[in-house]
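Visitor: Test case, fold it:
(one chain, ligands or ions: 1)
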Amino acid sequence: MPLPLASESELRRRLIVALDVPDARAAVAAAQTLQGHVGMLKVGLELFVAEGPEVVRRLRGEVPELEIFLDLKLHDIPNTMCGAIRSARSLGCRFITVHAGSGLAHLKACVAEAGAELGVLAVTVLTSQDAAACAEAGHTRTPAELVATRAALARAAGCAGVVCSGQELAGVRAAAPGIACVVPGIRPAGAEVGDQKRVMTPGQAIADGAAYLVVGRPILGAPDPAAAADAIVADMLAGAEAN
Ligand SMILES: O=C(O)c1cc(=O)[nH]c(=O)n1[C@@H]1O[C@H](COP(=O)(O)O)[C@@H](O)[C@H]1O
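Guide: Residues are numbered from 1 along each chain as shown. This is a model prediction of the structure:
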């Protein structure tokens with residue numbers, strides 16, 4: 001039996017905007033503009049290094065209907081990663097990122113520390129890396145092979161999901177059945193790619209099974225960010241319907 005079609009509001013809930021801005025003022029302004037147009041806010045390194053955990057508390061107070069994804073991409077010894085997760089737990093975020101390349105023991109320790117409320121997302125291979133960058137870094141396997149291996153580790157560790165490019169969705173499904181895929185490197189047709197290497201359109205990523213899309217510059221860099229988010233949701237809907 002075919003799955004029921006995702007509604008527009010359901011797809012909007014699955015659109016995460018990356019608040020890659022320099023300070024809390026810009027973050028709150030963007031969040032207020034985008035509430036009702038996106039489903040979640042991602043606080044990443046630029047904003048977190050500038051403002052610290054207070055910016056998460058402030059966003060939760062200003063736009064309580066939007067959940068927060070804390071993208072710190074932890075990559076350290078397990079004791080240090082767990083300490084960071086312990087510090088993050090009280091912030092009430094939905095997700096936190098760690099690098100899957102840390103290995104199984106690291107991922108398991110992070111999942112145990114995060115508890116039931118904070119989902120650990122394992123970043124497989126950055127979407128800014130292509131095959132040449134992986135080879136340069138000493139990997140003998142392709143990005144797709146590395147993603148599949150790391151997705152299997154994330155699943156074995158009990159992670160809430162993986163971060164991968166849209167190009168690996170089928171491979172992740174095969175290697176780690178049932179795991180949720182969070183997909184950055186999203187570019188509407190014709191949009192500037194910038195430093196991203198493994199990209200995909202919103203509609204195609206949804207058609208291929210992404211659980212969430214992460215979008216930064218195509219929304220925040222647009223003349224009308226709310227309209228840009230709406231156009232992305234329309235493309236997601238088209239992708240869901242085409243599936
Ligand atoms: O963990 C992430 O969110 C992430 C992983 C990855 O492999 N690639 C990636 O681009 N991201 C993040 O997703 C966002 C993408 O931003 P744009 O390229 O501006 O859409 C940035 O905040 C990145 O830090």
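Visitor: who touches the residue of the chain found nearest the ligand in this structure?
Guide: Nearest to the ligand, among the residues of the chain, is Gly216, at 2.7 Å (Cβ to the nearest ligand atom). The way it works is simple: take the backbone N, C-alpha and C, and place the C-beta from them, glycine included. Residues counted as contacts of Gly216 (Cβ atoms under 8 Å, 6 or more residues apart in numbering) are 17-18, 20, 42, 184.
Visitor: Which neighbours in the sheet does the longest strand belonging to the chain have, and how are they oriented?
Guide: Criterion DSSP state E: the longest strand present in the chain is strand 67-74. Using DSSP bridges, strand 67-74 pairs in its sheet with strand 40-43 (parallel), strand 95-99 (parallel).
Visitor: Turn those into a markdown table, columns for mean pLDDT and distance to the ligand.
Guide: Formatted as a markdown table, the strands paired with strand 67-74 follow (pLDDT from 0 to 100; distance: least, Cβ to the nearest ligand atom, whole Å):
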| stretch | mean pLDDT | distance to the ligand |
| --- | --- | --- |
| strand 40-43 | 98 | 6 |
| strand 95-99 | 98 | 5 |
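Visitor: got a winner among the contacts of Gly216 for most neighbours?
Guide: Counting neighbours by other Cβ atoms under 10 Å, Val17 leads those with 28 neighbours.
Visitor: who's in contact with the residue lying closest to that one once chain neighbours are set aside?
Guide: Using Cβ to Cβ, 6 or more residues apart in numbering and skipping residues adjacent in sequence, the residue nearest Val17 is Val38, 4.6 Å away. By Cβ under 8 Å, 6+ apart, the contact set of Val38 is 12, 15-17, 66, 219, 229.
Visitor: Now do the SS call for Pro64.
Guide: coil (DSSP: H, G, I helix; E, B strand; the rest coil).
Visitor: Can you read off the backbone torsions of it?
Guide: Dihedral angles of Pro64 (phi, psi; degrees, to the nearest 10) stand at phi -60, psi -20.
Visitor: neighbours of it, just the number please.
Guide: So Pro64, with other Cβ under 10 Å, has 9 neighbours.
Visitor: Flag every residue of this protein that's near the ligand.
Guide: Residues of the chain lying close to the ligand (Cβ under 6 Å from any ligand atom) are 18, 20, 44, 71, 73, 97, 123, 126-127, 163, 184-185, 196, 214-218.
Visitor: where do the strands sit along this protein?
Guide: For the chain, the strands defined by DSSP E cover 15-18, 40-43, 67-74, 95-99, 119-123, 161-163, 180-183, 212-215.
Visitor: Can you list the strands that the last one pairs with?
Guide: Which is strand 212-215. strand 15-18 (parallel), strand 180-183 (parallel).
Visitor: Would you mind putting those into TSV with mean pLDDT alongside?
Guide: Shown next, in TSV, are the strands paired with strand 212-215 (pLDDT from 0 to 100):
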stretch	mean pLDDT
strand 15-18	98
strand 180-183	98
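Visitor: any idea how far Leu11 is from Ala191?
Guide: Separation of Ala191 from Leu11 (Cβ to Cβ, to the nearest Å): 19 Å.
Visitor: sorry, that was for Ala156
Guide: Ala156 is 30 Å from Leu11, by Cβ to Cβ.
Visitor: Same drill for these two, tell me which one is more crowded.
Guide: Set Ala156 next to Leu11 and count neighbours by other Cβ under 10 Å: Leu11 wins out with 22 against 12.
Visitor: Look at the more buried one and report its pLDDT.
Guide: For Leu11, the model assigns a pLDDT of 97.
Visitor: Run through this protein and note the low-pLDDT ranges.
Guide: Scanning the chain for pLDDT under 70 picks out the ranges 1-5.
Visitor: Is it correct that Leu121 is in contact with Ala160?
Guide: Yes. Counting by Cβ atoms under 8 Å, Ala160 is a contact partner of Leu121 at 6.1 Å.
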